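K.L.:
Got a sequence here, can you model it:
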Amino acid sequence: MSALRTALALSCAALALAGCGGGSDSSPVETPTQLAAPENFTVGSFAFFSWKATPEATRYELFTDPDGPGPQPEARMGDAEGFTYSSFNQQFNGSLTTGRYRYADFINATYRLRACNTTGCGAFTAAQVFDIAKSISYEFPTGRSPLKTSVGNTSLESLSRDGLTLAVALDNLYIFARSSTAHPWQQQAMFSSRATRLVLSADGNTLAVSGFFNADAPPVQVYQRSNAAWSLQTTVDATQTPPACTQPCKVIADNTALSADGNVLAVTGRSGSAGSDTNTVFTYLRTGTAWAPQSYLAPAATSVGSAMALSGDGRTLAVNGGAFTRTQFTTPPYLYVYVQSPEGAWSEQARLPAGIMNFLDIAASRFSTVKLSSDGNTLAVEANHLPGNQPAEFNIGTGDLTCGSTEPWNTAPVPAGSYSNAAWHIAVFARDGSANWRRQAVMARSGVQWALANDGNALFYGGSLFTRSSGTWACP
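P.N.:
Residues are numbered from 1 along each chain as shown. Now for the predicted structure:
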């Protein structure tokens, strides 16, 4: 692994990450000292490091073993370039600047940290693993599901349901695979691409890429794997829209979704006199290796598609029409549910009230997301309750909370242009055999991470696991 150089700062003192060498089969030379191993040392997504400051430490040494238990030697990360650190409440945080280094250099790595001062260095922490799968997904008995964080519909990482295929967008587009969760990742492909949204099909064989920094790039690129080899299968140009679309008609890939087998693609767009807002969702169908526009769905709203999900079977689509923002309130947003007939035609099946949030100002980071089960019969939406600014059918009272709330529930009117920290929740809707939808549960927990199980019978939210049996949700 290339020498990684880092920088560390605490108040006005510059702390260098330097030290002795070592390896998988030999430990670094120890200098006796009473310094304890740093506490709370963690390694997160994109090699994000944090730990609690050690009393009397003036610097820290970070070591990496790039292949974990493999044959490559452990080595120190260097004395400073490539990391940016800040201290807050005696907690160090830092992330690896990956522009100069290959993602493959640290995806299988383990890390150890120790505190040092003028008398020497103390004990090492236990080796920590860069577990990318755990940081971006939750493992249910029915397979892994994407773990929503606070960054809206921008996603730089995407994982297959079995956890064996991974796509990452950094300086380039990387695709990794492994034979089992006990084996290391192997780079399977790398493409020159500056994208900010990746959607990998559940089976791991199709990848939709969008959100390019290059204005000349097509809105969507679709890659496919065949016999362990990846290739660009098609591009969706801005004007490649269904013939029936009201002109002017254009693909604006602010959000995308794929079916489990990758044969159905949904992309946001614009049709008619929509101004600058997206007001349409286009669907595309793959037959064999050929893609063709299928349908366009136009809810009676603008700002369509900031929250969107496609069922695993590709026959149910949930998408928001409208959204509340921090700067203003729009027409109360609904979730539109569309279904595909056996003949291939799409139609609106339901319109469900939900407090979709889409913060547009630069300081905001909370976005609503929506998820569908594989069969499309369970829908979960992250929403915010805004009393006084929406119709009664949107109201979520304390009596509606299935398992209470971890924070005092907000019932006072919220001024226009603001939002309620104490009213974030996930509403779970279910479809019965007669194609009727009803709200089945409302969960309110702190935090923004959540995931819905593929079979729709479990929800991970706020560090708790909610489960459903015979249509009833149990509190953890």
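K.L.:
Run through who's touching the helix or strand encompassing Cys116.
P.N.:
If you go by DSSP states H and E, Cys116 is part of strand 110-117. Residues outside strand 110-117 that contact it (C-beta atoms under 8 Å, 6 or more residues apart in numbering) are 19, 33, 35-38, 41, 43, 49, 51, 54, 56-65, 68, 74, 121-130. Placement of C-beta: from N, CA and C, glycine included.
K.L.:
One more: stretch 402-412?
P.N.:
Under C-beta under 8 Å, 6+ apart, the answer for stretch 402-412 is 385, 387-388, 397-398, 401, 420-423, 425, 441-446, 462, 466, 473, 475-476.
K.L.:
can you tell me the distance between the two ends of that stretch?
P.N.:
This stretch, stretch 402-412, spans 20 Å end to end (C-alpha to C-alpha, to the nearest Å).
K.L.:
Run the chain-centre distance for it.
P.N.:
Relative to its chain's centre, stretch 402-412 lies at 26 Å (C-alpha atoms, centre = their mean, to the nearest Å).
K.L.:
what about that stretch, average pLDDT?
P.N.:
The average pLDDT for stretch 402-412 rounds to 90.
K.L.:
Show me which positions of it end up buried.
P.N.:
402-403, 405, 409-410 (16 or more other C-beta atoms under 10 Å).
K.L.:
Same check on stretch 259-270?
P.N.:
Per 16+ other C-beta under 10 Å, stretch 259-270 contains these buried residues: 259-260, 262-270.
K.L.:
Spatially, which two of those residues are the most separated?
P.N.:
Using C-beta to C-beta, the pair of these lying farthest apart is Ala260 and Arg270, separated by 27.7 Å.
K.L.:
Contacts for stretch 284-291, please.
P.N.:
For stretch 284-291, the external contacting residues (C-beta under 8 Å, 6+ apart) are 222, 224, 233-234, 236, 262-267, 292-294, 344.
K.L.:
First-to-last residue distance for that stretch?
P.N.:
7 Å.
K.L.:
Quick check: buried residues in it?
P.N.:
Buried residues in stretch 284-291 (16+ other C-beta under 10 Å): 284-286, 291.
K.L.:
Okay, and the beta partners of the residue most central in space within the chain?
P.N.:
Residue closest to the average C-alpha location in the chain (C-alpha atoms, centre = their mean): Lys148, at 4.7 Å. Under DSSP bridges, the beta-bridge partners of Lys148 are Trp450.
K.L.:
Now for it: which residues touch it?
P.N.:
369, 371, 382, 448-451.
K.L.:
and the two most separated of those residues?
P.N.:
Maximum distance among those (C-beta to C-beta): 13.7 Å, for Lys371 and Val448.
K.L.:
Looking at the two now, which is surrounded by more residues?
P.N.:
Counted by other C-beta atoms under 10 Å, Lys371 and Val448 do not tie: Lys371 has more neighbours, with 25 against 18.
K.L.:
Quick check on the more buried one: phi, psi?
P.N.:
Taking degrees, to the nearest 10, you get phi -130, psi 150 for the backbone angles of Lys371.
K.L.:
And for it, nearest residue in space, chain neighbours not counted?
P.N.:
Using C-beta to C-beta, 6 or more residues apart in numbering and skipping the chain neighbours, the partner closest in space to Lys371 is Leu452 (4.2 Å).
K.L.:
hang on, isn't that neighbour packed against Ala380?
P.N.:
Yes: between Leu452 and Ala380 there is a contact at 4.7 Å, judged by C-beta atoms under 8 Å.
K.L.:
which residues are common contacts for these two?
P.N.:
Counting by C-beta under 8 Å, 6+ apart, the residues touching both Leu452 and Ala380 are 371, 459.
K.L.:
Let me see the contact set for the closest residue to Ala430 other than its chain neighbours.
P.N.:
With C-beta to C-beta, 6+ apart as the criterion, Ala430 has its nearest non-adjacent residue at 4.4 Å, and that residue is Gln440. Gln440 is in contact with 428-430, 468, 471, 473, counting by C-beta under 8 Å, 6+ apart.
K.L.:
how far does the host helix or strand of Gln440 sit from the chain's center?
P.N.:
Secondary structure from DSSP H and E places Gln440 in strand 437-443. Relative to the centre of its chain, strand 437-443 is centred 23 Å away, using C-alpha atoms, centre = their mean.
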